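Q: Next input, structure requested:
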Amino acid sequence: MNARDRSYDESLNAALLDPVEASAFLDAVIELDDPAALLLALRQVANAHGMADVARRAELGEKTLFKALSENGNPTLATVHKVLHAMGLRLSVTPV
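A: Prediction:
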C-alpha cells in the first residue's frame, strides 16, 4: 500500500469514528441498492472502530463478526443490529 492509499484509509477511518459521518456513509451506500456494497461499508465502519472492540461490545465472537462481514458473509438482522449498536448507530426505516 502506498502512502497515498494509507493516507486515504487513515482519513476514512477517522471520519467513520464519528457517528454522524458513519451514518451518512452507510445511508449513501444503502442508496446504491447493492447488498455487497453495504456489507463492505459495514465492514469498513467496523474496522474503523476496531473489529475486536466491536465484537466485544456486540457480544459476538470475533470469528463470528469477521465471517458475518466477510465478502461472502450473510449477517442476520440481529447481527447487523448488534454491530450497529456497538458502533453507536441504529437501523431505521424511511419512506422511499
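Q: pLDDT weak spots in this structure?
A: 1, 3-5 (pLDDT under 70).
Q: Repeat the analysis, applying 80 as the threshold.
A: Under the criterion pLDDT under 80, the flagged ranges of the chain are 1-6.
Q: Which stretches in it count as helices?
A: Remark: helices assigned in the chain by DSSP state H are 3-16, 19-30, 35-49, 51-57, 62-68, 77-86.
Q: residue closest to the middle of the chain?
A: Centroid-nearest residue in the chain, with C-alpha atoms, centre = their mean: Leu42, separated by 2.1 Å.
Q: Excluding chain neighbours, give the residue nearest to that one in space.
A: Spatial nearest neighbour of Leu42, excluding adjacent residues (C-beta to C-beta, 6 or more residues apart in numbering): Leu69 at 5.7 Å. For glycine as for every other residue, the C-beta is placed from the backbone atoms N, C-alpha and C.
Q: Asp53 now?
A: Ala86 is the one closest to Asp53 (C-beta to C-beta, 6+ apart), at 7.9 Å.
Q: Report whether the expected contact of the one you found with Ala52 is present.
A: No. Ala86 is beyond contact range of Ala52, at 11.2 Å (criterion: C-beta atoms under 8 Å).
Q: Lovely, talk soon.
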